[in-house]
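Participant: mind looking at a prediction? Sequence and model below.
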Amino acid sequence: MTDVKTSPGFLHLHALNGGGEWLHMCIKHRETSAYLMEVAMLDDLVVDAMIEEDTRSRVRVLDDGIMVLLKAMHVGQDMARPEDMVSIRIWIDKTRVITTREADVDPILALHQKLSAGAGPTTPGEFLADLIEEHLDEVDDHIEELEDAVNRIEGLVGTHQTEAACPNMAQTQSRISGFLRHLGPQKPVLEHLSRCKHALLSERERARIDDGLDQLLRYLETLQNLRDRVDILNDQVARIQDRQLTRSSFVFSVVATLFLPLGFIVSAFGVNLMGVPFEGHANGFTILMVICLALVAGMLVLFRWRKWF
């Protein structure tokens, strides 16, 4: 087994139950690259991919091993920022599993706990299949939370609580787009692995990866469905807000129309000239108010008759 003390960038080292070892390393350590190239004797292209900070999901199959890059959930992150999903980098060959990380991810920690308890995968191929399962199980929890979030938004929109729905809708839409962006490229990776006839992957392990592919496809379909539902909700909110704005504008227009003739009458009677009607009448003010009220009532009857409101 590799000597832990001489492994630069070492995070933890486990012996697989069926033989072989798993070395987990940090890409931020300055000597990790040299170790992978000079001690682990990995291909230059594999080393570059294993230590690259910004990676896309992909698979590279060589005669002596398989390299897989996936995006997984950052430990402690919630769905508010799916862009914080970080890369899982894994290399497997006949006797070794080598993984590198820039930050902790849930699937790696789950396998670490299993192996520490004396359970977990027994071969490098089984390790890869287990890692994919752990990764997809973690995603499943977040997909369910997204579905609950969209259901809550639908409830708010259904009761016309648009002010409460809009912030949640924007955040949920961002989450959905983020997961689609990171999970979509993983589909061809799992497709390749499920068909890969490499000696490192047994028939059972390929079948497990194929099951994982079906699970991923369901997630992508669910996410696309959720995005379509949010788009519909956005349209509904826009229509509700347009109706509310139209109603408010109508009310203001009616009020302005009612006060326009009243303003004219008051202005006319307020002219400081001789001959103003009811100028010397004892009940002049009362008569003026009656005229104004009658005018308002007449206009309201007219609006109602014309079905303007």
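Facilitator: Thanks, I have it. Numbering: from 1, shown residues only.

Participant: show me what the particular helix or strand that has A170 in it is packed against.
Facilitator: Taking DSSP states H and E as the definition, A170 sits inside helix 162-183. Packing partners of helix 162-183 (3 or more Cβ pairs under 8 Å, 6 or more residues apart in numbering; DSSP states H and E): helix 124-158, helix 203-269. No exception for glycine: its C-beta is placed from N, CA and C like everyone else's.

Participant: got the buried residues for that helix?
Facilitator: Buried residues in helix 162-183, counted by 16 or more other Cβ atoms under 10 Å: 162, 165-166, 169, 172-173, 175-176, 178-180, 182-183.

Participant: turn the helices and strands packed on helix 162-183 into JSON lines, columns for distance to Y35 and mean neighbour count.
Facilitator: JSON lines is the format used below for those (distance: least, Cβ to Cβ, whole Å; neighbours: other Cβ atoms under 10 Å):
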{"stretch": "helix 124-158", "distance to Y35": "19", "mean neighbour count": "19"}
{"stretch": "helix 203-269", "distance to Y35": "28", "mean neighbour count": "14"}
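
Participant: and those helices, which one's lowest on average pLDDT?
Facilitator: Of all those, mean pLDDT reaches its minimum on helix 203-269 (a mean of 85).

Participant: what helices and strands are in contact with that helix?
Facilitator: helix 124-158, helix 162-183, helix 186-195, helix 284-305.

Participant: how far away is R30 from A103?
Facilitator: As judged by Cβ to Cβ, to the nearest Å, R30 and A103 stand 17 Å apart.

Participant: more neighbours: which of these two?
Facilitator: A103 (15 against 8; other Cβ atoms under 10 Å).

Participant: reformat the helices and strands packed on helix 162-183 as TSV; add distance to G20.
Facilitator: Output for the helices and strands packed on helix 162-183, formatted as TSV (distance: least, Cβ to Cβ, whole Å):
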stretch	distance to G20
helix 124-158	6
helix 203-269	14
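
Participant: quick one: closest of those to M25.
Facilitator: Each of these has some distance to M25 by Cβ to Cβ; the shortest is helix 124-158, at 15.3 Å.

Participant: pick the one among the buried residues of helix 162-183 closest to A49.
Facilitator: H182 (17.1 Å).

Participant: was I right to think that closest one contacts M85?
Facilitator: Yes - the criterion here is Cβ atoms under 8 Å, and H182 meets it with M85 at 4.9 Å.

Participant: what touches both of those two?
Facilitator: When Cβ atoms under 8 Å, 6 or more residues apart in numbering defines a contact, the residues bordering H182 and M85 alike are K71.

Participant: so what's I209 up against?
Facilitator: If you count contacts by Cβ under 8 Å, 6+ apart, then I209 has L128, A129, I132, L190, L193, S194, L201 around it.

Participant: rerun at 7 Å
Facilitator: I209 sits next to A129, I132, L190, L193, S194 when contact means Cβ atoms under 7 Å, 6 or more residues apart in numbering.

Participant: with distance to T122 added, can I get those residues in CSV?
Facilitator: Output for those, formatted as CSV (distance: Cβ to Cβ, whole Å):
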residue, distance to T122
A129, 11
I132, 16
L190, 22
L193, 19
S194, 21
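
Participant: keeping just the C-alphas, turn the helix holding A170 into PDB.
Facilitator: Provided in PDB are the C-alpha atoms of helix 162-183 (Å, rounded to 0.1, in the frame of the first residue of the first chain):
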ATOM      1  CA  THR A 162     -47.700  37.600  -6.700                       C
ATOM      2  CA  GLU A 163     -45.500  39.700  -4.400                       C
ATOM      3  CA  ALA A 164     -44.700  36.600  -2.300                       C
ATOM      4  CA  ALA A 165     -44.400  34.300  -5.400                       C
ATOM      5  CA  CYS A 166     -42.000  36.400  -7.500                       C
ATOM      6  CA  PRO A 167     -38.800  36.200  -5.300                       C
ATOM      7  CA  ASN A 168     -39.300  32.500  -4.800                       C
ATOM      8  CA  MET A 169     -39.900  32.000  -8.500                       C
ATOM      9  CA  ALA A 170     -36.700  33.800  -9.600                       C
ATOM     10  CA  GLN A 171     -34.700  31.800  -7.100                       C
ATOM     11  CA  THR A 172     -36.300  28.500  -8.100                       C
ATOM     12  CA  GLN A 173     -35.800  29.200 -11.800                       C
ATOM     13  CA  SER A 174     -32.100  29.800 -11.200                       C
ATOM     14  CA  ARG A 175     -31.800  26.500  -9.300                       C
ATOM     15  CA  ILE A 176     -33.500  24.600 -12.100                       C
ATOM     16  CA  SER A 177     -31.300  26.100 -14.800                       C
ATOM     17  CA  GLY A 178     -28.200  25.400 -12.700                       C
ATOM     18  CA  PHE A 179     -28.900  21.800 -12.200                       C
ATOM     19  CA  LEU A 180     -29.800  21.300 -15.900                       C
ATOM     20  CA  ARG A 181     -26.500  23.000 -16.800                       C
ATOM     21  CA  HIS A 182     -24.400  20.700 -14.600                       C
ATOM     22  CA  LEU A 183     -26.400  17.400 -14.900                       C
END
